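Trainee: Just a sequence and a predicted model for now, questions to come.
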Amino acid sequence: MAADGVLHAYARARMADGDGASPLAVANYRLALDGDPSSAAVARRSYLRALESGDFALALRSARLLDGAGLAPRDATLLQVADALNRKDWAAAQVWTDRMTDEGNFAFLTPLVRSWISLGEGKYAPPLIVAKDQSAALARRYLDEQVALQALARGDVAGAEPAIRASLAARLNDQDRMRLTFAAQLARWGEQAQALSLLPEDRADFAAARSDMARGRNRAVRREGAPLTPAQGFGRLLARLALDADAMEGGGIVAVRLARIATFADPGPDSRIVAARLLTENERPELAVAEARKVPDGSYQARLAKAELVDALDEAGQDDAAIALARSLAAVPHAEPERFIQLGRLLTDGRDFDGAAAAFRSARGRYPADAVPWALLLFEGNALEKGGRWEEARAVLEDALRIAPNEPIILNYLGYAQIERRQNVDQALELLKKASALKPDDPSITDSLGWAQFVTGNVEAAVPVLEKAVVGAPGDPTVNEHLGDALWAAGRRYEARYAWKAAATLADGAVADRLAAKMREGMKPEYVAP
């Protein structure tokens, strides 16, 4: 390729990057690298975008070029480990694992990776974590699951069982994929009773697996419960690490890259589901849709993948498709409450408030009466309130408050909703005072309290509280309008118009019309904010 062709391809790739068009960016980075195969500048960009989009051939090519120039990012070493394990080149895998150890960032993974390498070599050695190593605590976070998977890969069911129990106890949330993996592998080794004990009967997500396992060994169980290869075990390790990285502040981009390497090492449902979730959460929903759809319908994890697909479709702007899929997931016997909650939130966003309230109510019915989460009641109350069914909403919100009497978000919602309606204003003010005391730096709660003070006639107290709220949320039109109304009532007319003007720059519809009238005529009773 001519020099100007390389430049044009690189420029197109950078422009596509700016528009978030990853496939177009990757295609042009590939062209640019073809034209200038020694360019570290092109390789640096192509590595990142290729990894994000799942083009592992280009990612590996770029990583090797960067490594030769001494510029490879630390996660490129993980990609090289995955490649060596995929090729069953145990010597190369050991070399790259040693490099990972020397580099430090992911050194805590070393004992687990070396153990998989030894399994591949046919001379298994369990993970050895040295207590005095500073990374020992991090390694132990992933140890039990890895030990269980390695034991099952060797057919050592007795050795796997305590590790299975420990790994499930350690990861109380988001453990359904682990349960399905462990159950399928136990069933493959003929341990149907132990397998079924991991899968509660009243869960639609487990129904297909339970049905197969109850019949004993069959083709589906053998397929789903196939022992993991070292590459797949490494992929599972990276998938768990990716989820943990995403929970850290600023860890989203690293999490996506780890999840992508996980799918390279283990292109099965578990890693793809994790990748789909993290791509959605980190503003790559189109890629997430493609990833979730790679999980076949016949997989035991298909429903879990479809739940991630719902979120990806929603984030990608495909609202109707997301709602249709969410409805189908909620329509089967023993559908989990999470499926109804997911549907309810989509319907709320689509302003089908009656449908949303019904979905949340169905979710509530899936919990024991004494174990309904307060957040679920808040969702239902919000849908009822927005749907014009205030008395029903208030009853639900009061139930939520009884469950969680010190939860600021409930106190604020119930208090402010009554202030808006000028209903039980003294009691509502007390709720908002309590919410503010519990969370004094939350601008929305501060605004609610200041507005309640204004509505109850305490303008002198309201103004400084609303001024504090505006400092915390300067771009909120509601907060600025509230401050303007309070300033006008306090006789500070010039400042009031300034606050209304700030609100008007961000408002639309009836709110914008009301603000325009205030700025033009001053505040009249009919112009007071609701």
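Mentor: Perfect, thanks for sending it. Numbers count the residues shown, from 1 in each chain.
Trainee: What pLDDT is listed against residue 194?
Mentor: Residue 194 is assigned a predicted lDDT (pLDDT) of 96.
Trainee: so who does it touch?
Mentor: When the contact criterion is CB atoms under 8 Å, 6 or more residues apart in numbering, the partners of residue 194 are 157, 161, 186. Any C-beta I mention is one placed from the backbone N, CA and C, and that applies to glycine too.
Trainee: Please name the residues that touch the first one.
Mentor: Residues touching residue 157, when contacts are defined by CB under 8 Å, 6+ apart, comprise 151, 186, 189, 191, 194.
Trainee: at 7 Å instead, please
Mentor: The neighbours of residue 157, taking CB atoms under 7 Å, 6 or more residues apart in numbering as the test, are 186, 189, 191.
Trainee: same question, the last one
Mentor: Contacts were defined as CB under 7 Å, 6+ apart; by that measure residue 186 touches 157, 194-195.
Trainee: swap in residue 107?
Mentor: Listed by CB under 7 Å, 6+ apart, the contact set of residue 107 reads 100-101, 135.
Trainee: Reformat the residues you listed as CSV; add secondary structure.
Mentor: Formatted as CSV, the contacts of residue 107 follow (DSSP: H, G, I helix; E, B strand; the rest coil):
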residue, secondary structure
100, helix
101, helix
135, coil
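Trainee: Residue 25: which of the contacts of residue 194 is nearest?
Mentor: Of all those, residue 186 has the smallest distance to residue 25: 43.8 Å, by CB to CB.
Trainee: Would you mind measuring from residue 459 to residue 502?
Mentor: According to CB to CB, to the nearest Å, residue 459 stands 20 Å off from residue 502.
Trainee: Of the two, which one has the most company?
Mentor: Neighbour comparison, residue 459 and residue 502: the larger count goes to residue 502, with 21 against 16 (by other CB atoms under 10 Å).
Trainee: Please name the nearest non-neighbouring residue to the more buried one.
Mentor: Among residues not flanking residue 502 along the chain, residue 480 sits closest, at 4.5 Å (CB to CB, 6 or more residues apart in numbering).
Trainee: What lies in contact with the host helix or strand of the one you found?
Mentor: Using DSSP states H and E, residue 480 falls within helix 477-489. Here helix 477-489 makes contact (CB under 7 Å, 6+ apart) with 443, 447, 450-451, 454, 459, 462-463, 466-467, 469-470, 473, 495-496, 499-500, 502-503, 506-507, 511, 515, 523, 528-529.
Trainee: next structured bit after it?
Mentor: Next along from helix 477-489, by DSSP H and E: helix 493-504.
Trainee: What residues sit buried inside that following helix?
Mentor: Judged by neighbour count using 16 or more other CB atoms under 10 Å, the buried positions of helix 493-504 are 495-500, 502-504.
Trainee: where in the stretch 51-200 of the chain is pLDDT low?
Mentor: 134 (pLDDT under 70).
Trainee: Okay, helices next: where are they in it?
Mentor: Assigned by DSSP state H, counting those that start in this stretch, the helices in the stretch 51-200 of the chain fall at 56-68, 74-86, 90-103, 110-121, 136-153, 157-170, 176-188, 192-197.
Trainee: Equivalent analysis for the stretch 201-350 of the chain, please.
Mentor: In the stretch 201-350 of the chain, the helices defined using DSSP H, counting those that start in this stretch lie at 207-214, 219-224, 230-246, 252-265, 269-281, 285-292, 302-315, 319-330, 337-349.
Trainee: can I get those helices in TSV with mean pLDDT?
Mentor: Putting these into TSV (pLDDT from 0 to 100) gives the following:
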stretch	mean pLDDT
helix 207-214	94
helix 219-224	90
helix 230-246	97
helix 252-265	96
helix 269-281	97
helix 285-292	96
helix 302-315	98
helix 319-330	98
helix 337-349	98
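Trainee: winner for burial among those?
Mentor: Most buried of the helices of the stretch 201-350 of the chain, by mean neighbour count (mean count of other CB atoms under 10 Å): helix 269-281, with a mean of 27.
Trainee: Quick one: residues in contact with it.
Mentor: Helix 269-281 has contacts (CB under 7 Å, 6+ apart) with 177, 181, 235-236, 239, 242-243, 246, 252, 255-256, 259-260, 262-263, 285, 287-288, 291-292, 294-295, 299, 301, 304-305, 308, 311-312, 315.
Trainee: The closest residue to residue 325 other than its chain neighbours and residue 209: what is the separation?
Mentor: Nearest residue to residue 325, sequence neighbours excluded (CB to CB, 6+ apart): residue 310, at 5.1 Å. Counting by CB to CB, the separation of residue 310 from residue 209 is 21 Å.
Trainee: Check residue 462 too.
Mentor: Per CB to CB, residue 462 is found 58 Å from residue 209.
Trainee: Also residue 264?
Mentor: Residue 264 is 26 Å from residue 209, by CB to CB.
Trainee: Count the residues that sit near residue 518.
Mentor: Residue 518 is flanked by 25 other residues according to other CB under 10 Å.
Trainee: ok, it - contacts?
Mentor: Residue 518 makes contacts with 500, 527, as judged by CB under 7 Å, 6+ apart.
Trainee: Show me where the stretch 351-500 of the chain has its helices.
Mentor: Taking DSSP H, counting those that start in this stretch to define them, one finds helices in the stretch 351-500 of the chain at 353-365, 374-386, 390-403, 408-420, 425-438, 443-455, 459-472, 477-489, 493-504.
Trainee: And the shortest one, what does it pack against?
Mentor: Put plainly, it is helix 493-504. helix 477-489, helix 509-521 (3 or more CB pairs under 7 Å, 6 or more residues apart in numbering; DSSP states H and E).
Trainee: Name the surrounding residues that touch it.
Mentor: 477, 480-481, 483-484, 487-488, 512, 515-516, 518-519.
Trainee: what about the helices of the stretch 351-500 of the chain, which gets the closest to residue 326?
Mentor: helix 353-365 (8.7 Å).
Trainee: contacting residues around the closest one?
Mentor: Helix 353-365 has contacts (CB under 7 Å, 6+ apart) with 337, 340-341, 343-344, 347-348, 372, 376, 379-380, 383-384, 386-387.
Trainee: at 8 Å what do you get?
Mentor: By CB under 8 Å, 6+ apart, helix 353-365 touches 330, 337-338, 340-341, 343-345, 347-348, 372, 376-377, 379-380, 383-384, 386-389, 392.
Trainee: And the residue nearest the centre of the chain?
Mentor: residue 281 (4.9 Å; CA atoms, centre = their mean).
Trainee: how close does that residue sit to residue 292?
Mentor: Distance, residue 281 to residue 292, by CB to CB: 13 Å.
Trainee: How many residues are close by the nearest residue to residue 332 once chain neighbours are set aside?
Mentor: Using CB to CB, 6+ apart and skipping residues adjacent in sequence, the residue nearest residue 332 is residue 204, 4.9 Å away. Using other CB under 10 Å, residue 204 has 16 neighbouring residues.
Trainee: Pretty sure residue 204 sits against residue 333.
Mentor: Yes - assessed by CB atoms under 8 Å, residue 204 is found in contact with residue 333 at 6.6 Å.
Trainee: Excluding chain neighbours, what is closest to residue 315?
Mentor: Leaving out its chain neighbours, the residue that sits closest to residue 315 by CB to CB, 6+ apart is residue 285, at 3.7 Å.
Trainee: show me what contacts the one you found?
Mentor: 279, 312-316.
Trainee: Please list all residues in contact with residue 182.
Mentor: Residue 182 neighbours (CB under 8 Å, 6+ apart): 148, 152, 160, 164, 168, 195, 198.
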